[in-house]
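Asks: the following comprises the amino acid sequence and a computationally predicted model.
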Number of protein chains: 2
Amino acid sequence: VTGTNPRASRKLPTSVDVARQAGVSQATVSRALNGGSVSAETRKRIIDLAAKLGYSRNAVARGLVMNRSGLIGVIVADITNPFYPELLEAIGARLDSIDHHMLVQNAAAGTEAEAAELLLQQRVDGIIFTTALRNSDSIQALVKRGFPVVLSNRVTDAPCDSVQGDNVAGASAAADLLVSLGHTRIATLKGSVDTSTSSQRSKGFAERLSQHGLALQPRFDLTCTFSYEAAYEATATLLARRWPPTAIFCHNDLMAFAAINAARGANFDVPGDLSIIGYDNVRQAAWESFNLTTVSQPVAEMAESAVRFLGERIADPERPPQGVVFPCELVVRGTTGPSRRGGR
Amino acid sequence: VTGTNPRASRKLPTSVDVARQAGVSQATVSRALNGGSVSAETRKRIIDLAAKLGYSRNAVARGLVMNRSGLIGVIVADITNPFYPELLEAIGARLDSIDHHMLVQNAAAGTEAEAAELLLQQRVDGIIFTTALRNSDSIQALVKRGFPVVLSNRVTDAPCDSVQGDNVAGASAAADLLVSLGHTRIATLKGSVDTSTSSQRSKGFAERLSQHGLALQPRFDLTCTFSYEAAYEATATLLARRWPPTAIFCHNDLMAFAAINAARGANFDVPGDLSIIGYDNVRQAAWESFNLTTVSQPVAEMAESAVRFLGERIADPERPPQGVVFPCELVVRGTTGPSRRGGR
């Protein structure tokens, strides 16, 4: 039996040992190590002492006894899409404030099951899915088992806690703006049809166009999997047509940046020749180089609600599922303008 | 004594139980759960069965016996700087391929010690620091304790494994380009003086200018902590001077994007009125909206080496520290051009 065998755990140093050597109370040690209120000097001394005694490394052993790891898994679709770092930063800050920590797993569409399995192997206390297919079996299975799960910016068929923006209203506002500017040849660059965000944005946009007497033409209705590269290609192809669209609505800002870049690469003036609308309002959308008209999602509030829902679910696995839908706001900037009647 | 008490661990289901119920060998279960070679159908069946039996959630208990968690901590300075998502994506892919996983901690400059402490509490097997002050006490302490640490894109005074680009040569090449274009009123937007990257880039740039008979003027030599906001402010202030610079060298691409945006906001043409060079060559640098001249760092190779060094260090804590310096390449794009002699 070695010192690392869990059965020997009573021999590992405890917070009492740290407190005794530091000459402080056990409560002070706990506050110092768990982000509570102690002086910076005391915290540093206790952290150093705990490290010296090998106390901190036993947090997992302690967590195992309490059946909690203090870890929350977060599954994102594409960490290089700037929406996700912003969301992760916000979720991480909320988790820090309640002394939990984030285990991030990058998972391309359709691989959430594997990502979730890896997180479960690390014994996370709960998982925030920021990406999920609508009919995800793995989320269904987790919810059935009573494992704490929150969907952020997504909903699926599973009855579970969720946080999302009002995608239908956001997309409808985008449609209203383009119609009011006189556009009729309007294209959409969609995300993945299997995601709730994309299906809701598609629905909201097409239905509002229809209310204005316009139909979305199939050749202008393109699926680009939320990817920069796919959106760039799609835009280049659209603009090479004899009758290109005069406006494009994109299901995220990353695809809108791709559309702007492809337009510039093809010598189309934005918004003179082509109006472009994004979705998310990431920080870069406000940059002078883009000045992107987009639909704003309240990232900080969404992160706060997701973390709160998950905490409540961990505390009470039996509570009924909660859902919140945040309003989304159209932010009109410089990439939208009046249609030149004939188009280019 | 409950089922989650570590002393009861012999009662928890083992891979033998999963194998028996699945009708396969224990080796097949291990391969299925650890990313080894089995059919997709078998993997799914075993993952489902393991989840049903509650086997996977005991990975931490198993790791505790082996004294390994399979987790690697990665500390980044600012996840919203696009350099870090690219680096994290590359490190994560490498770790996945060796069945390890990434615990990401966002840590503003000077808070690496707290970030490292949190990671230790989660019992990571090693830490990759992608940000670190040169005189970091916490890294010194970890190295002294024999804890596996690798510095990626950083070096400190501690004798430990490190991976970095040739910052002196990269910055020298940037200086050569600006001088060859006739610039003499040259500014720099530096990161944090306490980081090895920034001090090496400063040194390489200033020394090469000096070899060309030019001195960096103190009023053009500004510290912007690698931050978009600071770089934007600094550029706006520089361009409001009676004699603004005709060129700016930035210590990362994020600050170069800020400089471009501030220039556009002040109606300065880039590169007509102002040449701008970045550092990193993140994906966005190649976008038409920026077309940024920059110094390229080989992110994938750096990630590969960092993960390899860490694996070797975990396997053999006694081995002498290894260091590798990758060559960096100047990528000349559209944000640099000849100086208009009189400037603007």
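Replies: On my side now, so go ahead. Numbers count the residues shown, from 1 in each chain, chains lettered A, B, ... in the order given.
Asks: I figured residue A:118 hits residue A:105, correct?
Replies: Yes. Using Cβ atoms under 8 Å, residue A:118 is in contact with residue A:105, at 6.1 Å. C-betas here are computed from N, CA, C, even on glycine.
Asks: identify the contacts common to these two.
Replies: residue B:101 (Cβ atoms under 8 Å, 6 or more residues apart in numbering or on different chains).
Asks: over to residue A:192: give its phi and psi.
Replies: phi -110, psi 130 (degrees, to the nearest 10).
Asks: residues of the stretch 101-250 of chain A that sit close to chain B?
Replies: A:101-106, A:113, A:117-118, A:120-123, A:141, A:145, A:228 (Cβ under 8 Å from any Cβ of the partner chain).
Asks: please identify which of these is nearest to residue B:149.
Replies: Nearest to residue B:149, judged by Cβ to Cβ, of those is residue A:101 at 19.0 Å.
Asks: OK, contacts around that closest one?
Replies: With contacts defined as Cβ under 8 Å, 6+ apart, the neighbours of residue A:101 are A:70-72, A:95, B:103, B:105, B:118, B:122.
Asks: now do residue A:71
Replies: A:100-103, A:122-125, B:103, B:122.
Asks: partners of it in the sheet?
Replies: With DSSP bridges as the criterion, residue A:71 is bridged to residue A:101.
Asks: was I right to think residue A:282 contacts residue A:82?
Replies: Yes. The pair residue A:282 / residue A:82 is scored as a contact, 4.5 Å apart, by Cβ under 8 Å.
Asks: and the pLDDT at residue A:290?
Replies: Confidence at residue A:290, expressed as pLDDT, is 98.
Asks: checking it next. Helix, strand or coil?
Replies: coil (DSSP: H, G, I helix; E, B strand; the rest coil).
Asks: quick check: it touching residue A:283?
Replies: No. In this structure residue A:290 lies outside contact range of residue A:283 using Cβ under 8 Å: 10.4 Å.
Asks: and those two? Which one has more around it.
Replies: Shown here are residue A:290 and residue A:283; by other Cβ atoms under 10 Å in any protein chain shown, residue A:290 has more neighbours (25 against 16).
Asks: which residues of the stretch 201-344 of chain A score low on pLDDT?
Replies: A:341-344 (pLDDT under 70).
Asks: distance of the residue nearest the centre of chain A from residue B:311?
Replies: Centre of chain A computed as the mean C-alpha position; nearest residue by Cα atoms, centre = their mean is residue A:130, 4.4 Å away. For residue A:130, the distance to residue B:311 equals 30 Å [Cβ to Cβ, to the nearest Å].
Asks: helix or strand right after the helix or strand harbouring residue A:115?
Replies: Per DSSP states H and E, residue A:115 falls inside helix A:112-121. Per DSSP H and E, the first helix or strand lying C-terminal to helix A:112-121 is strand A:126-129.
Asks: could you give the mean pLDDT of that next one?
Replies: Strand A:126-129 comes out at a mean pLDDT of 93.
Asks: show me what that strand pairs with in its sheet, parallel or antiparallel.
Replies: Within its sheet, strand A:126-129 is paired with strand A:71-76 (parallel), strand A:149-152 (parallel), according to DSSP bridges.
Asks: how distant is that strand from the center of its chain?
Replies: Offset of strand A:126-129 from its chain centre (Cα atoms, centre = their mean, to the nearest Å): 11 Å.
Asks: can you give me the helices for the stretch 151-300 of chain A?
Replies: A:167-180, A:196-211, A:228-239, A:253-265, A:299-315 (DSSP state H, counting those that start in this stretch).
Asks: what packs against the second one?
Replies: Under the contact criterion of 3 or more Cβ pairs under 8 Å, 6 or more residues apart in numbering or on different chains; DSSP states H and E, the helices and strands touching helix A:196-211 comprise helix A:167-180, strand A:186-190.
Asks: low-confidence ranges in the stretch 1-150 of chain A?
Replies: In the stretch 1-150 of chain A, residues with pLDDT under 70: A:1-13, A:33-36, A:54-67, A:109-110, A:133-135.
Asks: helices along that one, start to end?
Replies: A:15-22, A:26-33, A:40-53, A:59-66, A:83-97, A:112-121, A:137-144.
Asks: between those, which gets nearest to residue B:232?
Replies: helix A:83-97 (17.7 Å).
Asks: not counting the closest one itself, show me its contacts.
Replies: Counting by Cβ under 8 Å, 6+ apart, A:35, A:72, A:74, A:76-79, A:101-102, A:104, A:128, A:130, A:152-153, A:252-254, A:280, A:282-283, A:299-300, A:302-304, A:306-308, B:79-80, B:84-85, B:104, B:106 sit against helix A:83-97.
Asks: before we move on, what about stretch A:226-244?
Replies: With Cβ under 8 Å, 6+ apart, stretch A:226-244 has contacts from A:77-78, A:81, A:185, A:187, A:189, A:191-192, A:198, A:220, A:222, A:224, A:245, A:248, A:250-252, A:254-259, A:261-263, A:265-266, A:268, A:274, A:343-344, B:283.
Asks: and the helices of the stretch 1-150 of chain A as JSON lines, adding mean neighbour count and distance to residue B:211?
Replies: Below are the helices of the stretch 1-150 of chain A laid out as JSON lines (neighbours: other Cβ atoms under 10 Å in any protein chain shown; distance: least, Cβ to Cβ, whole Å):
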{"stretch": "helix A:15-22", "mean neighbour count": "18", "distance to residue B:211": "54"}
{"stretch": "helix A:26-33", "mean neighbour count": "19", "distance to residue B:211": "52"}
{"stretch": "helix A:40-53", "mean neighbour count": "17", "distance to residue B:211": "44"}
{"stretch": "helix A:59-66", "mean neighbour count": "18", "distance to residue B:211": "53"}
{"stretch": "helix A:83-97", "mean neighbour count": "21", "distance to residue B:211": "39"}
{"stretch": "helix A:112-121", "mean neighbour count": "22", "distance to residue B:211": "51"}
{"stretch": "helix A:137-144", "mean neighbour count": "18", "distance to residue B:211": "60"}
